[in-house]
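K.L.:
Give me a 3D structure for the following:
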Amino acid sequence: MYYIKKTFEISASHHLKLSYESKCEQLHGHNWLITIHCKAKELNAEGMVVDFTHIKKLIADRLDHANLNEILPCNPTAENIARWICEQIPQAYRVDVVESQNNEASYEVDD
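P.N.:
Numbering: from 1, shown residues only. Below you'll find the predicted structure:
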């Protein structure tokens with residue numbers, strides 16, 4: 001099995017839709033640190049699991065300096081963001097999303 005991971009930082013805003021009162025219901029932003037873990041039993045024709053540039057185009061280029069509420073089809077919690085990112089890349093099996101130094105969420109595909 002081959003494994004790669006791509007890490008990048010994006011700046012993006014969001015607001016949460018919650019059933020309780022919270023300051024997170026107001027539009028605010030984070031400098032998100034995102035790590036995407038990918039794997040493949042065999043390499044593609046170019047000798048890669050997936051091109052790092054393709055991951056950047058699919059995720060960072062779409063989310064950086066964006067309002068995540070306008071892009072994601074779900075409430076943009078860190079957990080939902082991690083799942084959505086994982087679903088965009090067929091080779092991805094885990095995504096870690098760090099919203100702030102003390103707040104991190106992960107999503108992992110259950111094989």
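K.L.:
Who is Tyr3 paired with across the strands?
P.N.:
Lys39 (DSSP bridges).
K.L.:
Number of residues surrounding it?
P.N.:
Number of residues near Tyr3 (other Cβ atoms under 10 Å) recorded here: 11. The C-beta positions use only the backbone N, C-alpha and C, and glycine is treated the same way.
K.L.:
Please apply the same query to Asn69.
P.N.:
16.
K.L.:
where does it land in three-state SS?
P.N.:
With DSSP: H, G, I helix; E, B strand; the rest coil as the basis, Asn69 sits in helix.
K.L.:
gap between it and Tyr2?
P.N.:
Remark: distance between Asn69 and Tyr2 (Cβ to Cβ, to the nearest Å) = 35 Å.
K.L.:
In a helix, Asp61, correct?
P.N.:
Yes: Asp61 sits within a helix when classified using three-state DSSP.
K.L.:
Run a quick neighbour tally on Ala60.
P.N.:
Here the count is done by other Cβ under 10 Å, and Ala60 has 16 residues near it.
K.L.:
Identify the residue nearest it in space, chain neighbours excluded?
P.N.:
Phe8 (5.0 Å; Cβ to Cβ, 6 or more residues apart in numbering).
K.L.:
next one: Ser11
P.N.:
With Cβ to Cβ, 6+ apart, the residue lying closest to Ser11 is Asn31, at 5.3 Å.
K.L.:
now the one you found: how far from Ile4?
P.N.:
23 Å.
K.L.:
Between those two, which has more neighbouring residues?
P.N.:
Each of Asn31 and Ile4 has its neighbours counted (other Cβ under 10 Å); Ile4 has more, 17 against 11.
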